[in-house]
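Asker: Just need the structure, nothing else, for what follows:
(one chain, ligands or ions: 2)
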Amino acid sequence: MNSPALDLLQSVFGYSSFRGQQQAVVEHLGEGGDALVLMPTGGGKSLCYQIPALIRQGTGIVVSPLIALMQDQVDALREAGVAAAYLNSSLGADDQREVERRLSAGELDLLYVAPERLLTGRFLNLLERAEVALFAIDEAHCVSQWGHDFRPEYRELSVLHERFPQVPRIALTATADPRTREEIVERLALADARQFVSSFDRPNIRYRVMLKHNPRTQLMQFLDGHRSEAGIVYALSRKKVDDTAAWLAEAGIEALPYHAGLDAATRAKNQQRFLREDGVVMVATVAFGMGIDKPDVRFVAHLDLPRSIEGYYQETGRAGRDGLPAEAWMIYGLSDVVTMSQMIAQSESADERKRVERQKLESLLAYAEATGCRRQLLLGTFGESYPGPCGHCDNCIEPPKTWDATVPAQKALSGVYRSGQRFGSGHVIDILRGEETERVRSFGHHQLSTFGVGAELDEKQWRSVFRQLLAAGLLEADAEGYGTLRLTAASRAVLSGGQTVRLREDARPVRAGRRRRDSQAIVGGSLGIEAWEQPLWDALRTLRTQLARQHGVPPYVVFHDATLLAMLRALPANEDELATISGVGEAKLKRYGRDFLAVINAAQ
Ligand code: ADP
Ligand code: ZN
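Answerer: Ligands and ions are numbered 1, 2, ... in the order given. I've put the predicted structure just below:
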């Protein structure tokens, strides 16, 4: 016999079974309990409160910090036949009153509210008189002042517990670290809430890190494997975002820029196109992405090192929310490591915070330089032990070679030391390699004992050594930003011969200027669509876009890629068969079934 929760999952959302902890959370809330849910991006947090809100009497109130995205969430629910609405500053006075009326009249299943709106005396009074099924606090890590998404209003949400003690509350976040979790429990008064902690593994994401040598060629080669797929390319500076987006657009790729320096209208327009059109590449600073729940982002590329490993995991987590194959790709090089090392040195925060920042940066560099399974390392930094190796990251697929670099490391460190710890890697490499440059002569460095002791490695190999010594904290860059290097407390053990150093052998760069053009890389893409399937796949996507336009919603609100892919493979012949496809609920079957069946039948 089916439970009401399972019935709703199938009839409203069109999914056959619950995922992971969803069912346990839904039941706990259904019984009136409080919950704290930690699930990775794409894990399926929304259903954890949407289904209980449908089961329980009254309206589910969802607090969400991102008003720009409420509308899409509400549209998606309406498409599925759920009575949903939102209240935020984007609504006119009349629309607002109408939503309030529907709330009071008990006509709404779900109401999304911005925190500042929720906290007004007027709205709280309104809630007192309405029937509330539950409170869902989305992106609950916004209470944490340590995180970069801190929202002061979130701290006042404990008022919900005080004023509505009998209404169950559920807080949700994709931020894994224990410190944030404690802060959520404390700030939102959730000490008695049951915690549901999922694995943070994202098995469908493949992780790849490459050495930066010719960023544009490398990016283009990467994008060749992801043609007409949606993705995000992250870069550090606004200028680099603008330049890269313009250059990609010139090369015929649908690329748009996004950063805080663009005016609000352009930002909104670009975000809207990314959400509503198929296959747009967003080139962005970290200003872009929070709360973007576009399910079919097929890749996230980092042209520069992210700020922390948590940031990296959040950014890459925006790929593949629909569970289909996706890729996280990053390039980095010596200059990135120097920049990071400088940031550590420059930090002016209080000691405790400084220590936290340093640890965060170090674990990021360790990730970039890792020789073992990247997934294992990532999950390890969130306190999760992954049995690994995963077999699905670059290091697992092609294990990097390592070499005993103890002697070169000693030479490098003493080269830095003997030249007075006042120079960057380029100059020290000249000394080691015995290059009598003008600069070397002018400082008399051709007379140093380390002059010419490192001729056995070429310049590129030396750069690799310096990069890895910096990443390992055996060297550090100056705080002033000149890129000069000096020894650290850890250097001594290496210099005295007490510590061996193993480094990774850098992979040979792919030759610049040659783009792979073999059909496999292009046709297959992330989803592995075969050439003979392509016409029907394109037809299904075109129909989806048309219907989405007619209904004024993003294409994925009509159906996800996963659902289209299932149609492509199962070729349903009638409505009964179509109804068995995951993602086809009753409302959508009625609304779109005939159109999709027509396209599928026409293809046979
Ligand atoms: P989160 O908020 O945790 O990032 P979402 O709630 O947006 O994740 O869900 C991620 C995707 O997975 C959505 O596209 C959603 O429709 C889908 N999904 C969630 N639960 C299920 C399920 N039980 N079966 C199939 N798909 C699901
Ligand atoms: Zn691996």
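Asker: Show me this structure divided up by domain.
Answerer: 4-197, 205-397, 402-504, 529-602 (automatic domain parsing).
Asker: Output those as TSV; include the columns mean pLDDT, distance to ligand 1 and mean neighbour count.
Answerer: Every residue, glycine included, has its C-beta placed from N, CA and C. Below are the domains of the chain laid out as TSV (pLDDT from 0 to 100; distance: least, CB to the nearest ligand atom, whole Å; neighbours: other CB atoms under 10 Å):
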stretch	mean pLDDT	distance to ligand 1	mean neighbour count
domain 4-197	92	3	19
domain 205-397	90	4	19
domain 402-504	93	31	18
domain 529-602	93	6	17
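Asker: so which of those domains gets nearest ligand 2?
Answerer: domain 205-397 (3.3 Å; CB to the ion).
Asker: Is ligand 2 within reach of the closest one?
Answerer: Yes. Using CB under 5 Å from the ion, domain 205-397 reaches ligand 2 at C373, R375, P389, C390, C393, C396.
Asker: I'd like those laid out as CSV, including distance to E186.
Answerer: Formatted as CSV, the residues of domain 205-397 next to ligand 2 follow (distance: CB to CB, whole Å):
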residue, distance to E186
C373, 35
R375, 31
P389, 37
C390, 34
C393, 36
C396, 39
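Asker: Format these as TSV; extra columns: secondary structure.
Answerer: As requested, these are exported to TSV (DSSP: H, G, I helix; E, B strand; the rest coil):
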residue	secondary structure
C373	coil
R375	helix
P389	coil
C390	coil
C393	coil
C396	helix
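Asker: Which of these sits closest to M282?
Answerer: C393 (24.0 Å; CB to CB).
Asker: re earlier: between the residues of domain 205-397 next to ligand 2, which sits nearest D293?
Answerer: Nearest to D293 among the residues of domain 205-397 next to ligand 2, with distances taken as CB to CB, is R375, at 22.8 Å.
Asker: In contact with the closest one, which residues are there?
Answerer: D201, Y207, Y386, G388, P389, C390, H392, C393, C396 (CB atoms under 8 Å, 6 or more residues apart in numbering).
Asker: Please report the distance of it from G585.
Answerer: 33 Å (CB to CB, to the nearest Å).
Asker: and after the host helix or strand of L540, which helix or strand comes next?
Answerer: Using DSSP states H and E, L540 sits in helix 534-551. Once helix 534-551 ends, the next helix or strand along the chain (criterion: DSSP H and E) is helix 555-558.
Asker: Run through who's touching that next one.
Answerer: Contacts of helix 555-558 (CB under 8 Å, 6+ apart): 72, 75-76, 79, 276-278, 294-296, 322, 541, 544-545, 547-548, 551, 588, 592.
Asker: got the contact list for whatever helix or strand comes next after it?
Answerer: Along the chain past helix 555-558, the next helix or strand (assigned with DSSP H and E) turns out to be helix 561-570. The contact list for helix 561-570 (CB under 8 Å, 6+ apart) reads 14, 295-296, 322-324, 527, 529, 533, 536-537, 540-541, 544, 577-578, 581-584, 596, 600.
Asker: rerun that using 6 Å as the cut-off
Answerer: With contacts defined as CB atoms under 6 Å, 6 or more residues apart in numbering, helix 561-570 is touched by D296, D322, L324, E533, L536, W537, L540, I581, S582, G583.
Asker: by how many degrees do it and helix 534-551 diverge?
Answerer: 140 degrees (axes from the mean of the first three to the mean of the last three CA atoms, to 10 degrees).
Asker: how far does helix 561-570 sit from the chain's center?
Answerer: Taking CA atoms, centre = their mean, to the nearest Å, the mean C-alpha location of helix 561-570 is offset from the chain mean by 25 Å.
Asker: Give the next helix or strand downstream of it.
Answerer: Next element after helix 561-570 (DSSP H and E): helix 575-579.
Asker: who's in contact with the stretch of helix or strand H161 belongs to?
Answerer: With secondary structure defined by DSSP H and E, H161 is part of helix 159-163. Residues from elsewhere that reach helix 159-163 (CB under 6 Å, 6+ apart): F135, A189.
Asker: Return the helix or strand just after it as PDB; C-alpha atoms alone will do.
Answerer: Sequence order places strand 169-173 as the next helix or strand after helix 159-163, per DSSP H and E. What follows is strand 169-173 as a C-alpha-only set of coordinates in PDB (Å, rounded to 0.1, in the frame of the first residue of the first chain):
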ATOM      1  CA  ARG A 169      10.500  23.900  11.300                       C
ATOM      2  CA  ILE A 170      13.000  22.500   8.800                       C
ATOM      3  CA  ALA A 171      16.300  24.200   8.100                       C
ATOM      4  CA  LEU A 172      18.300  23.100   5.000                       C
ATOM      5  CA  THR A 173      21.800  23.800   3.700                       C
END
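Asker: and strand 169-173, what does it pack onto?
Answerer: Counting contacts by 3 or more CB pairs under 6 Å, 6 or more residues apart in numbering; DSSP states H and E, strand 169-173 is packed against strand 35-38, strand 132-137.
Asker: any idea which helix or strand carries the closest residue to D242 other than its chain neighbours?
Answerer: Spatial nearest neighbour of D242, chain neighbours left out: P257 (5.3 Å); criterion: CB to CB, 6 or more residues apart in numbering. In the assignment (DSSP H and E), P257 maps to strand 255-258.
Asker: Now that strand - C-alpha only, PDB.
Answerer: What follows is strand 255-258, C-alpha atoms only, in PDB (Å, rounded to 0.1, in the frame of the first residue of the first chain):
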ATOM      1  CA  ALA A 255      28.700  33.100 -23.800                       C
ATOM      2  CA  LEU A 256      27.500  35.900 -21.400                       C
ATOM      3  CA  PRO A 257      29.300  37.800 -18.700                       C
ATOM      4  CA  TYR A 258      28.100  38.200 -15.100                       C
END
